[in-house]
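J.: predicted model follows, preceded by the sequence.
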Amino acid sequence: MNCYVCAQGDLERVALGLCHNCSAGLCIEHVLERAAKLRLSSLSTGRPCL
């Protein structure tokens, strides 16, 4: 399985994880990017990320 986000930019990277919202395959770069966004939203809302 390849990273969905990378594939949109005509790159081919192996997916190492899945998005918990949509189950798209994500490479390590995009897994970390998604995790950072979740941490930021958790800080602003006061709710923990799951």
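T.: Right, received. Where do you want to start? Numbering: from 1, shown residues only.

J.: going by C-alpha atoms from here, please, whenever you check contacts or count neighbours.
T.: Will do.

J.: what's the mean pLDDT across the helix or strand containing residue 37?
T.: Element membership of residue 37, judged by DSSP states H and E, is helix 28-45. Summarised as a single mean, pLDDT over helix 28-45 is 80.

J.: in that helix, what counts as buried?
T.: 30, 31 (16 or more other C-alpha atoms under 10 Å).

J.: for residue 26, what are phi and psi?
T.: Torsion angles at residue 26 (phi, psi; degrees, to the nearest 10) stand at phi -130, psi 140.

J.: ok, it touching residue 5?
T.: Yes: under the criterion of C-alpha atoms under 8 Å, residue 26 makes contact with residue 5 at 7.0 Å.

J.: thinking again about what came up before, for the helix holding residue 37, packing partners?
T.: Counting contacts by 3 or more C-alpha pairs under 8 Å, 6 or more residues apart in numbering; DSSP states H and E, helix 28-45 is packed against strand 17-18.

J.: if we go to 10 Å?
T.: helix 4-8, strand 17-18, strand 25-26 (3 or more C-alpha pairs under 10 Å, 6 or more residues apart in numbering; DSSP states H and E).
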